[in-house]
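*Asks:* make a model of this:
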Amino acid sequence: MHRLFFIFLTFFILIIIQSCATTKKSMIRKDPLIGKIINTKTNQALGFESLIKDIRNYDVIYLSEKHDNPAHHAIQKKIIQSLINKGLEPSIGFEFFSMDDTPDLLNFIDSGKVAHSKKSQKIIETDLRKKLRWDTQSDTMWSYYLDLLKIAKKESLNVAGIDLSSTLKRRITRKGINGISPIEKEKIFSTGLFNQVYKEYMFSIFKAVHCGMGHGKMQSRLYDTWVARNDKMALSITQLNKHSNGPVIIIIGGGHTEYKLGVIDRVNAIDDSIKQTNIALKEISVAPSTLEEYSLPLDLEGFEKMPPASYLWFTQRVSYTDPCEEFKKTLKKMKQSSKD
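*Replies:* So this is what the prediction gives:
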């Protein structure tokens, strides 16, 4: 079972992506909340221009996405372009790229200062994708982040990767924080934040995400990776903020910002003078839910009750299928094969 759990971790994301690739039109659920922007302080809807007016004076603005939802990336582009049109000069930080990738990202931005043919532009984009090790990812996923980089290139915006390197993340997940080498530990920043209640909460999240499967040692390593990543991203965000002429826009998965935990509380621990706000790009639930259910605060012992985000922007779902059902079939086949 131990070996199967590791195999599960390797292939689970692929299964999710494949199962979430399309939504059959017959399965699309209409919901009155789709397209609505909700201020969770009041649970009242507001218009797009009011949202921009609200957020433009924050130091850090999180646009928290579900990675494979095209509507979320369209909203990110709309918000960034609107801030630019208002005369602001936002910087953009990306969860999907590491801080070590930043020079390559900035080289791409610099390429916009010289006129290039369409063929040359394509070569530059292909070269960037290879350097960022995204040439093995789907064209669709790559296009989401390339579109944002193109806006940054056109406007000569500052950009940065904010995460740990992919290799180091995998090393921590495989060996645990105490199992990596001293020189690797030198690459890791720690805010020193620790709370046992939060750790147990995250263990429950890992188990739910992994279809109810739990493995003590593996969950501990996942938690080590989670904390190391959030600490690194928090540090990167504070550094980006120091060198930004406008608000810092962070493109990041919703799990890292929900309830102001993960990254947001760690940024606050490093520099509590930074003003942060979080726009959660929120898929509607599979079954109809009320606005009150979506905005219900997290009641976690030792933490202030917080709604999921400062703002909720509701969108259609990418998929109504359950990836765990597909995985159960795959896991059953794995178990049968191991017996043969």
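*Asks:* wait, Lys111 touches Lys122, no?
*Replies:* Check again: residue 111 is Ser, not Lys. No: Ser111 lies out of contact with Lys122 (Cβ atoms under 8 Å); the separation is 11.9 Å. Bear in mind the C-beta positions are built from the backbone N, C-alpha and C, glycine included.
*Asks:* quick one, which of those two is more surrounded?
*Replies:* Comparing Ser111 with Lys122 by neighbour count (other Cβ atoms under 10 Å), the higher total belongs to Ser111, at 16 against 11.
*Asks:* what values do phi and psi take at the residue nearest to the more buried one when sequence neighbours are not counted?
*Replies:* Using Cβ to Cβ, 6 or more residues apart in numbering and skipping the chain neighbours, the partner closest in space to Ser111 is Ile124 (5.3 Å). Main-chain torsions, Ile124, degrees, to the nearest 10: phi -60, psi -40.
*Asks:* immediately after the biggest helix by length in the chain, which helix or strand?
*Replies:* Counting by DSSP state H, the longest helix found in the chain is helix 216-242. Next helix or strand after helix 216-242 toward the C-terminus (DSSP states H and E): strand 248-253.
*Asks:* check what contacts stretch 188-208 and list those residues.
*Replies:* 164, 168, 177, 213-214, 219, 222-223, 226-228, 231-232, 234-235, 255, 261, 265-266, 269-270, 300-303 (Cβ atoms under 8 Å, 6 or more residues apart in numbering).
*Asks:* of these, select the buried ones using a ChimeraX command.
*Replies:* The buried residues among the contacts of stretch 188-208 can be selected in ChimeraX (16 or more other Cβ atoms under 10 Å) with this line:
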select :164,168,177,213,219,222,223,226,227,228,231,232,234,235,255,261,265,266,270,300,303
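*Asks:* next, Thr42: secondary structure please.
*Replies:* coil (DSSP: H, G, I helix; E, B strand; the rest coil).
*Asks:* can you give me the pLDDT of Cys211?
*Replies:* Model confidence at Cys211, given as pLDDT, is 75.
*Asks:* neighbours of it, how many?
*Replies:* 17.
*Asks:* wait, is it part of a helix?
*Replies:* No: Cys211: not assigned to a helix; according to three-state DSSP it is coil.
*Asks:* what's the closest non-adjacent residue to it?
*Replies:* Closest to Cys211 by Cβ to Cβ, 6+ apart is Cys324, at 3.8 Å.
*Asks:* helix or strand for the one you found, which one?
*Replies:* Take DSSP H and E as the rule and Cys324 turns out to sit in helix 323-339.
*Asks:* counting contacts, what elements does the host helix or strand of Ile162 pack onto?
*Replies:* Using DSSP H and E, Ile162 sits within strand 159-163. Contact here means 3 or more Cβ pairs under 8 Å, 6 or more residues apart in numbering; DSSP states H and E; on that basis strand 159-163 packs against strand 91-98, helix 102-110, helix 216-242.
*Asks:* if we use 10 Å, what do you get?
*Replies:* strand 91-98, helix 102-110, helix 139-155, helix 216-242, strand 248-253 (3 or more Cβ pairs under 10 Å, 6 or more residues apart in numbering; DSSP states H and E).
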